[in-house]
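>>> this one's sequence-less:
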């Protein structure tokens, strides 16, 4: 994907193949000879980790489907069957359920890294927007998958989320009936959610190809935010980036394995081990942890339609980030004011996540309103103004100059 | 080679005709693709009206029955519940509606509502909250003894299902006085 390939096929077979389907050359130019900035740190390894997790989720998911029954009367029991009877079924299900959480851990680190180093700025706007689309697809996939065990949280989570659409004026109720395929969440809902949950990961894989394609057209950003200028600024993807990515991936898998083997239900809810009951709503319903900040925003707004708009707006606004941030300097390392606001923003998101897990009463509601206001103000007021008034630090002339300067400073 | 005149050719005609037929065909194909997601015939059949005998429901009791997979609350209201619902200035409520408009004439003691919070679809808990009606545990909406929203994020009162009294102590949920028998 980066112009002419330097790939030289060695064997007679590969020479024959390369003239007919130059796939080895494509892989070579994309993942071997591809030049990466030489100063990438470990925060740049999460793209690889995310690709790995997508593959892991697809493999465990396909296997789970061999034992799962997407029918309202049998779904819950078939999940228990997987947990108790299927060989290693407990392991595969815990890998899949915790894999979803790990997927979101990795994607949040990946997004926050992009925000800190300004990776969304010209010419990477399309790359960034494809990332926002991937994030939205992930959220949809996670929600659909959470419905499938057909426990209490599955059922009522599906009810609450599909009811977002009832906020649409005039046609809302008809849209929701259409989504359900009935007068409430029921078997038709479960079956279509299963179908879509199986479909979306492959849509994600397709958009990932576009995301990587766009990345390889514009090249990676790096901690200085200064584009590579000469060959001295880059190193070959293999072995340098592959080694760094692999090392971090293994470290990440240690954390993943710790969740799977030691606290496999820590990130879930006990209520989901109660079969779905359309007659009783659990007393405290909360979404999975990765949706909590958005759930807090929904509940902070005392009007149903506006709450739903704010919820979708808080995600949609990310797509406009390349234009809301008016600063020409990419990396927060050279933006002393932005760096402080960036960390406040991260704290606000964590705070919203905490508030989303709390009941909607008293001080929690007030705090959620303040943080919701700040969340939107960060994008709509702080970022546009900051770019105009901030005095940024001088940028290095090149990546290699910044490395030499830091080496000198260290000596 | 066509001349540069504006005279339409046979190919121009075929482009437009093919495009028009193709667009109509594509739109017509979308109809079944979209419509299959709506409730199917068996779901609609299972949603036929149901008759409920009210005589076992004692005063103050709220029972939950199901119609079209929706819980229906039937509240046998005591006099104090009716008074509480009628002694407020209903014009000032978030979704203004008088208590008399929410019950059938001559059956003031029977409140029949769809037991689904109008916010995001949870089932409110009976006899809880500040208004002696219902309290929704999901996002804190509170309803009074007429099922009207009094506090919280829900925009509407609890909806009324279509129903009618077929005898003094029997109702049929799923059709009202205006529907044909």
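Nice, thanks for sending it over. Everything numeric here is computed off the predicted structure, so don't read it as measured data.
>>> which one's the longest helix in the chain?
I'll assume chain A. Among all segments of chain A classified by DSSP state H, the helix with the greatest residue count is helix A:187-218.
>>> my question was about chain B, not that one.
Residue-count comparison of every helix in chain B, with assignments taken from DSSP H, identifies helix B:10-35 as the longest.
>>> that older thread, the longest helix of chain A close to chain B?
Yes: under the criterion of C-beta under 8 Å from any C-beta of the partner chain, chain B is reached by helix A:187-218 at A:188, A:192. Bear in mind the C-beta positions are built from the backbone N, C-alpha and C, glycine included.
>>> so which elements touch the longest helix of chain B?
Counting contacts by 3 or more C-beta pairs under 8 Å, 6 or more residues apart in numbering or on different chains; DSSP states H and E, there are no secondary-structure elements packed against helix B:10-35.
>>> ok, the residue positioned nearest the centre of chain A - contacts?
Taking C-alpha atoms, centre = their mean as the criterion, residue A:107 is the residue nearest the geometric centre of chain A, at 3.4 Å. Taking C-beta atoms under 8 Å, 6 or more residues apart in numbering or on different chains as the definition of contact, the neighbours of residue A:107 are A:46, A:50, A:134, A:135, A:138.
>>> between these, which sits nearest residue A:294?
Relative to residue A:294, the closest of those is residue A:135; by C-beta to C-beta it sits at 11.4 Å.
>>> confirm that closest one sits in a helix?
Yes: counting by DSSP: H, G, I helix; E, B strand; the rest coil, residue A:135 is part of a helix.
>>> surely it and residue A:110 touch.
No: the criterion here is C-beta atoms under 8 Å, and residue A:135 misses it with residue A:110 at 9.2 Å.
>>> just the buried residues of the least confident helix or strand in chain A by mean pLDDT, please?
Ranked by mean pLDDT, DSSP states H and E, the weakest helix or strand in chain A is helix A:399-410, scoring a mean of 85. Within helix A:399-410, the residues scored as buried using 16 or more other C-beta atoms under 10 Å in any protein chain shown are A:399, A:400, A:401, A:402, A:403.
>>> with adjacent residues omitted, what lies nearest to the second one?
In this case it means residue A:400. residue A:232 (4.6 Å; C-beta to C-beta, 6 or more residues apart in numbering or on different chains).
>>> state the distance from the one you found to chain B.
Using C-beta to the nearest C-beta, to the nearest Å, we find residue A:232 at a distance of 55 Å from chain B.
>>> before we move on, what about residue A:280?
Taking C-beta to the nearest C-beta, one finds residue A:280 at 7 Å from chain B.
>>> and the chain, what are its domains?
As the question left the chain open, I've gone with chain A. A:34-285, A:289-324+A:336-391 (automatic domain parsing).
>>> meant chain B, my bad for not saying
According to automatic domain parsing, the domains of chain B span B:1-38, B:44-173.
>>> distance check, whichever residue of the stretch 201-350 of chain A sits closest to chain B against residue B:64.
As assessed by C-beta to the nearest C-beta, chain B sits closest to residue A:281 within the stretch 201-350 of chain A, at 4.2 Å. Residue A:281 sits 12 Å away from residue B:64 when distances are taken as C-beta to C-beta, to the nearest Å.
>>> which residues of chain B lie near chain A?
By C-beta under 8 Å from any C-beta, the residues of chain B that approach chain A are B:34, B:37-40, B:43, B:47, B:64, B:66, B:68-71, B:118-123, B:136-140, B:153-155.
>>> now, those residues that are in strands?
B:64, B:66, B:70, B:71 (DSSP state E).
>>> these: which two are farthest apart?
The two members of those with the most space between them (C-beta to C-beta) are B:64 and B:70, at 10.3 Å.
>>> can you list residues touching both of these two?
Counting by C-beta under 8 Å, 6+ apart, the residues touching both residue B:64 and residue B:70 are residue B:115.
>>> contact partners for the residue positioned nearest the centre of chain B?
Centre of chain B computed as the mean C-alpha position; nearest residue by C-alpha atoms, centre = their mean is residue B:159, 5.6 Å away. With C-beta under 8 Å, 6+ apart as the criterion, the residues that contact residue B:159 are B:113, B:114, B:116, B:118.
>>> and the second one, what is it in contact with?
By C-beta under 8 Å, 6+ apart, the residues touching residue B:114 are B:70, B:71, B:72, B:73, B:158, B:159, B:160, B:161.
>>> who wins for neighbours among those?
With neighbours defined as other C-beta atoms under 10 Å in any protein chain shown, the most crowded of these is residue B:158; it has 28 neighbours.
>>> so what's that residue up against?
The contact partners of residue B:158, by C-beta under 8 Å, 6+ apart, come to B:73, B:113-118, B:124, B:134, B:143, B:147-149.
>>> still on that earlier bit, looking at residue A:281 and residue B:64, which is more packed in?
residue A:281 (25 against 13).
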